[in-house]
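Engineer: Predicted coordinates and the sequence they were generated for:
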Amino acid sequence: MSIKAARRMASYILKAGESRIKFDPDRIDEIEKAITKDDVRILIRKGYVTADPKKGVPRVRGKLHAKRLKKGRAQGPGKRRGTANARRNIKDVWMARVRSQRKLLRSFKDQGALSGGYRETYNKIKGGAIKDKSRLVIFLKEKGYLKENFQKK
């Protein structure tokens, strides 16, 4: 049988492309004598026929870039494609802010730290008058709604 046929059978057995199949140059005569797939399997077991490893794609640069992105690098104006809303949805930011403020306000109410003003504050949060949680606490203290001797749990 020809060496071409042996290469084809080895390719099928090793699940590799024909270009990756390598023969031991000292054993070419034995390889040419292989007629069946079983003969080729025996040659593979003996190590006369091998397949080169897959090359793959190096991920070094990609991993480095991902690490830099995680740190907050490489996000300047030159790297931006799409509007600010496409990059970070305004509605999602709004929901997160309002939910965190409402959660804090509710915890104050449940712990008995408020002396009135719950509904007014809730509506101010809803209207966007209070920017974040720290300003919520400042607002409650200024209005006198947050009890002075209260210890946050």
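Structural biologist: Received, thanks. Given the structure is predicted, the values throughout are model-derived calculations rather than measurements.

Engineer: Can you report how many residues lie near residue 53?
Structural biologist: For residue 53, the neighbour count with other CB atoms under 10 Å is 8. No exception for glycine: its C-beta is placed from N, CA and C like everyone else's.

Engineer: Report the buried residues of the helix ranked longest in the chain.
Structural biologist: Ranked by number of residues, the top helix in the chain under DSSP state H is helix 90-110. By 16 or more other CB atoms under 10 Å, the buried positions in helix 90-110 come out as 97, 101, 104, 105, 108.

Engineer: go on, stretch 48-59?
Structural biologist: Result for stretch 48-59 [16+ other CB under 10 Å]: buried residues 48, 49, 50, 51.

Engineer: For residue 69, list the residues it contacts.
Structural biologist: residue 75 (CB atoms under 8 Å, 6 or more residues apart in numbering).

Engineer: my guess is residue 97 meets residue 135, correct?
Structural biologist: No. Using CB atoms under 8 Å as the test, residue 97 is too far from residue 135 to be in contact (10.8 Å).

Engineer: Show me which positions of stretch 138-153 end up buried.
Structural biologist: For stretch 138-153, by 16+ other CB under 10 Å, it's 139, 140, 145, 146.
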